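Chemist: how would this look folded up:
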Amino acid sequence: LQNRQERRQYLGSDNRKYVNCCMDWTEAVEEMLIKSTDEILQFINVPLDTYEESFMYWVEQGSQELILIQAGLLQKLKESLPSGKDLTLENFFEIMQYSLHQLDVEAQNIDFNQFTDPNELKTLPTILQSKINDQIYEKFGIEEEDLFYNIKTKSWDRNPEVRQILERVAHKTMSLMPMDPMMMMGGMDQQGMGGGFGGFGPY
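Modeler: As a prediction, this is how the structure comes out:
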């Protein structure tokens with residue numbers, strides 16, 4: 001939450017500082033997940049290096065299960081944030097259509113040359129969704145956890161139209177990558193891709 005408040009100071013005014021805030025969050029989450037994973041591996045007596053080698057093997061084989069598990073952990077973190085805002089399906093679809101529109105705007109304006117650090121380019125989907133989430137908050141006063149809350153408590157995730165538009169948002173976000181993101185994944189540093197419904201970004 002602190003990171004979210006900090007990065008919003010720079011939305012639309014200082015893109016470099018905005019990206020830096022997103023990267024700080026990503027690195028903090030990576031460290032937390034690595035530490036948690038290491039504790040589990042120690043408990044089951046599996047070396048971290050062995051796990052990383054196995055992870056990379058399955059990624060190279062085209063398997064997405066491990067990545068989806070890690071993304072699911074991030075989703076659980078986001079779902080744990082409190083929310084009490086009630087949305088209608090009409091509200092939800094309006095927000096998702098706005099998200100798609102803003103992604104189109106970003107597609108026209110994005111400058112890949114500004115991402116000189118490969119780690120920044122790798123986490124571009126997270127950075128983009130952070131920006132979209134912040135724009136949604138500015139326009140609608142709705143946070144990411146409010147969307148999660150309504151999707152889960154009202155079982156909207158069972159609605160085919162809801163699932164379709166969430167997939168459109170996720171696909172459009174990933175389509176802005178300059179190359180196949182699966183080829184950019186590396187070991188324990190993939191948590192920065194975000195996750196959950198539509199690939200929503202950091203807190």
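
Chemist: hmm, what's the outermost residue in the chain?
Modeler: Most distant from the centre of the chain: residue 45, at 30.8 Å, with distances by CA atoms, centre = their mean.

Chemist: For it, give me its contacts.
Modeler: For residue 45, the contact set (CB atoms under 8 Å, 6 or more residues apart in numbering) is empty. For every residue, glycine as well, the C-beta is placed using N, CA and C.

Chemist: Next, it: secondary structure please.
Modeler: coil (DSSP: H, G, I helix; E, B strand; the rest coil).

Chemist: now it: how far from residue 95?
Modeler: 47 Å (CB to CB, to the nearest Å).

Chemist: Next SSE downstream of the lowest-mean-pLDDT helix or strand in the chain?
Modeler: Evaluated with mean pLDDT, DSSP states H and E, the helix-and-strand set of the chain has its lowest mean pLDDT in helix 65-79, which scores a mean of 61. The helix or strand immediately downstream of helix 65-79 is helix 89-109, counting by DSSP states H and E.

Chemist: I'd like the average pLDDT over the helix or strand following that next one.
Modeler: Sequence order places helix 118-122 as the next helix or strand after helix 89-109, per DSSP H and E. Averaged over helix 118-122, pLDDT sits at 75.

Chemist: give me every residue that touches residue 135.
Modeler: Per CB under 8 Å, 6+ apart, neighbours of residue 135: 11, 98, 102.
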